[in-house]
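# Next comes the sequence, and after it the predicted model I'd like to discuss.
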Amino acid sequence: MSTEQTIPADGFSYKLTRTLGAPAVKVWQAWTTPEQYAQWAYAAAGSVEMDVRPGGAWKAMVVTPDGGQFPLTGSYLEVVENRLLVVGMDVPGKPAPAAMTVELDEQDDRHTQIVLRQTCDTAEERDMAEQGSTMLLDGLSAFLAGGAGD
């Protein structure tokens, strides 16, 4: 996995790139099907709801390693099936959602490169978001490697 951090004029950003052992359609299904997403994204079973279309809402109850739970909500800002998701995440106290971009680039019929990007207001927010995104990619990689979604 490659990681890149930058400090653009408008905030602090990161970019994570990883090649997954699955075709883009399986990666897309894992990311956009509530039952599959809950299995790898640290979400409580039955808590994930997704309306995967521009303007559609999503929510999940995330379970932390120590057993704590916290709700996540947001909406889809941009959707291009099997290629691109721009996910807006509601942030308490902020008027606009934090946007995370998920890009899929199918390399061949068994491999897809995934790129996650996000820009945050502070270095601390960026570091926390990057850590969360790395955990998501780790969970997604393990899920797909286990033949999930077949």
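Okay, I see it.
# can you give me the strands in this protein?
Applying DSSP state E to the chain gives strands spanning 2-6, 12-20, 49-50, 57-63, 69-80, 84-89, 98-108, 111-120.
# Adding distance to residue 133, mean pLDDT and mean neighbour count, write those strands out as CSV.
C-beta here means a position set from N, CA and C on the backbone, and glycine is covered the same way. What follows is those, written out as CSV (distance: least, Cβ to Cβ, whole Å; pLDDT from 0 to 100; neighbours: other Cβ atoms under 10 Å):
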stretch, distance to residue 133, mean pLDDT, mean neighbour count
strand 2-6, 10, 55, 11
strand 12-20, 6, 95, 18
strand 49-50, 18, 98, 14
strand 57-63, 13, 95, 17
strand 69-80, 13, 95, 14
strand 84-89, 11, 96, 18
strand 98-108, 7, 95, 16
strand 111-120, 5, 95, 19
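# Now the longest helix along the chain: average pLDDT?
Looking across the chain with DSSP state H, the single longest helix is helix 123-145. Helix 123-145 carries an average pLDDT of 93.
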